[in-house]
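A.B. asks: Got a predicted model here, sequence first, then my questions.
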2 protein chains.
Amino acid sequence: MALEHAILVSLLEQPGSGYELARRFDRSIGRFWTATHQQIYRVLRRMEADGWISAEEVAQDGRPDKKVYSAAGPGRAALAGWLREPVEPETVRHELAVKIRAAAFDDPAALISEVERHREGHAALLARYLHGERRDFPDPAALDARQQLQHVVLRGGVEYERMTLAWLDDVLATLHRLAADRTGD
Amino acid sequence: MALEHAILVSLLEQPGSGYELARRFDRSIGRFWTATHQQIYRVLRRMEADGWISAEEVAQDGRPDKKVYSAAGPGRAALAGWLREPVEPETVRHELAVKIRAAAFDDPAALISEVERHREGHAALLARYLHGERRDFPDPAALDARQQLQHVVLRGGVEYERMTLAWLDDVLATLHRLAADRTGD
DNA sequence: CTTGCCTATGCAACTCGTTGCATAGCAGGA
DNA sequence: TCCTGCTATGCAACGAGTTGCATAGGCAAG
C-alpha cells in the first residue's frame, strides 16, 4: 500500500488538511495514484495515531475549522524505509482495452464514439500538463533537486498522454476499417 | 466492474476452466486487467448462478477434474449491453512515480538500482510482446476482425512499453545528474 | 520414498476502495 | 427566502481485491 506514502510525500512538499490533500490528489498526484476523501481521512487518522504525522487545529473565518497535518519524524523515517524496499510494477486497469477485444463479438462501429470521447479526455489532459509545465518549469536549467524530480514525473505523464493519443488514433483507424469492410460486402 | 466482462471476452475467445483463465490473466489480458485465481473462481460461480456462462465437468487422466466454462446467451447479451455503456478512464497505480517524488526527501541515488531493475522488467516484457506479435500476427494484411482487434490492443502494449523504457532512461539520467551534483560540491 | 512442484478448486479473514449519506456554517443568485 | 454550491469532516455499509491456508492426486528428481 502506497497511499500513506503518497500522502507523506504530499505533506512533506506542503502541509495541508484532509480536504486540501483530496484536491491535490484530484489534480497532480491523482493521475498516478487515485484516492477519495474517505480513504484520505481514514489514513490520516491512522497515521496520526501512529505518530507519522502531527495535526494542528486551524480556525478560519467564514468557513469551518480545519486540521492541518505535517509529516513528523517517524513518518519521514517510514518513508525512507519504504524507499529502500523493492518497487512493485505499476498496475493498469484498462477497461477500454477489454472493450476493444469484446467488440469482436458485437458491432465494432458501436465503439467509435466512445473511443473518440476517450481521445478528447486525453487531449485535454495533455494540454493541462503542458500548461502546468510551462507555468512551473519555465527554465529547466534552474531547478533544484525537488523540482527536477517533480519535472521528470510530469514528463512521464506528458509522454504517456502522447503515446495514448497516438494509440487511440490507431484504434479508431482499425474500427473505421472494420466498419467499412462490413458495409462494403 | 469489468472483471466479469474480461472473463466473458476470454471465454468467448476460447472456453476454459478457472485455472486456465487465471493463467491467461497472468499472460496476455493481465497486463491491462489483473486478477488472482480467487477473484476468478468467485466471479465464475456468480456468473454461472446468473446464467451468464455454462459449465461442463471434464475428467482428465493424470490430473484432477476441471470445470470448463463457456459463455452462454445471457452472458453475450450482458457483454453487448456493457459495450454500449460509457467507458471509465483507465486508472494507473504508479508506485514508482510516488517514489521518485519521495526521493527529494532522501537520497535520490538510492533509487537508481530500483529504477534499473524496473527498466529490465519492461524491456523483457517488450521483447515478449514483440515475439508474440511475430508469432501470432506474421501477416497483418490477412487478419479477420477478431485478430485485428487483438492486434491493435497488442500494439498498445508495445507502445506503452517503449514509452516507459524511454521515460525510465530519462529518470535514470535525472537521478545520475542529481547524484553527481551532490558529490560535486 | 520422500520432498517438492504442478494441476485444480475452494474457504476464511482481512484490507483496500467506493458510495451514499449526514452535518454545519457561510456565500451568492433567483 | 430558498436553493445551490463550497469548505471541511466523518459514519456506515458494501464490494473489490489480497493473503494464507486446505485439499487432493500425480509427476519427477534426489
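C.D. replies: Structure received.
A.B. asks: Nearest residue to the middle of chain A?
C.D. replies: Per C-alpha atoms, centre = their mean, the C-alpha nearest to the average position across chain A is that of A:R31, at 1.2 Å.
A.B. asks: Name the nearest residue to that one, ignoring sequence neighbours.
C.D. replies: Of all residues not flanking A:R31 in the chain, A:G157 sits nearest, at 5.8 Å (C-beta to C-beta, 6 or more residues apart in numbering or on different chains). Heads up, the C-betas are built off the backbone N, CA and C, glycines and all.
A.B. asks: My guess is that neighbour contacts A:Y129. True?
C.D. replies: Yes - if you go by C-beta atoms under 8 Å, A:G157 and A:Y129 touch, sitting 5.3 Å apart.
A.B. asks: Contacts only, for the residue nearest to A:R31.
C.D. replies: The contact partners of A:G157, by C-beta atoms under 8 Å, 6 or more residues apart in numbering or on different chains, come to A:R31, A:F32, A:Y129.
A.B. asks: List the contacts of the lowest-mean-pLDDT helix or strand in chain A.
C.D. replies: When each helix and strand of chain A is scored by mean pLDDT, DSSP states H and E, strand A:91-93 comes last, with a mean of 82. Contacts of strand A:91-93 with the rest of the structure, by C-beta under 8 Å, 6+ apart, involve B:A2, B:R31, B:F32, B:W33, B:T34, B:E90, B:T91, B:V92, B:R93, B:Y160.
A.B. asks: go with 10 Å
C.D. replies: Residues from elsewhere that reach strand A:91-93 (C-beta atoms under 10 Å, 6 or more residues apart in numbering or on different chains): B:2-3, B:6, B:30-34, B:88-95, B:157, B:160.
A.B. asks: Just checking that strand against DNA strand C, any contact.
C.D. replies: No - using C-beta under 7 Å from any atom of the strand, strand A:91-93 never reaches DNA strand C; the gap is at least 9.5 Å.
A.B. asks: Would you give the sheet partners of that strand, along with the direction of each?
C.D. replies: Strand A:91-93 pairs in its sheet with strand B:91-93 (antiparallel), by DSSP bridges.
A.B. asks: In the partner strand, which residues are buried?
C.D. replies: Residues B:V92, B:R93 are the ones in strand B:91-93 that count as buried (16 or more other C-beta atoms under 10 Å in any protein chain shown).
A.B. asks: Likewise for stretch A:132-139?
C.D. replies: Counting neighbours by 16+ other C-beta under 10 Å, one finds that the buried residues in stretch A:132-139 are A:E133, A:F137.
A.B. asks: coming back round to it: keep the contacts of strand A:91-93, but drop any that are not near DNA strand D.
C.D. replies: By C-beta under 7 Å from any atom of the strand, the members of the contacts of strand A:91-93 lying near DNA strand D are B:L3, B:T34.
A.B. asks: among the contacts of strand A:91-93, which are in strands?
C.D. replies: Secondary structure from DSSP state E places B:T91, B:V92, B:R93 of those in strands.
A.B. asks: ok, so of these, who is nearest A:M47?
C.D. replies: Within the ones in strands among the contacts of strand A:91-93, distances to A:M47 taken as C-beta to C-beta reach their minimum at B:R93, with 19.4 Å.
A.B. asks: any idea how far A:E88 is from the closest one?
C.D. replies: 9 Å (C-beta to C-beta, to the nearest Å).
A.B. asks: any common contacting residues for these two?
C.D. replies: Jointly contacting B:R93 and A:E88 under the rule C-beta under 10 Å, 6+ apart are A:A2.
A.B. asks: Tell me which residues of the lengthiest helix in chain A come out buried.
C.D. replies: Counting residues, the longest helix in chain A under DSSP state H turns out to be helix A:145-184. Using 16+ other C-beta under 10 Å as the test for burial, helix A:145-184 gives A:145-146, A:148-161, A:163-165, A:167-168, A:171-172, A:174-175, A:178-179.
A.B. asks: what inclination does that helix have with respect to helix B:145-184?
C.D. replies: On the basis of axes from the mean of the first three to the mean of the last three C-alpha atoms, to 10 degrees, helix A:145-184 is oriented at 170 degrees to helix B:145-184.
A.B. asks: any idea of the mean pLDDT in helix A:145-184?
C.D. replies: Mean per-residue pLDDT for helix A:145-184: 93.
A.B. asks: Report whether the expected contact of A:E88 with A:W82 is present.
C.D. replies: No - using C-beta atoms under 10 Å, A:E88 is not in contact with A:W82; the gap is 11.4 Å.
A.B. asks: For those two, indicate the residue with more neighbours.
C.D. replies: When A:E88 and A:W82 are compared for neighbours, A:W82 comes out ahead with 19 against 12, by other C-beta atoms under 10 Å in any protein chain shown.
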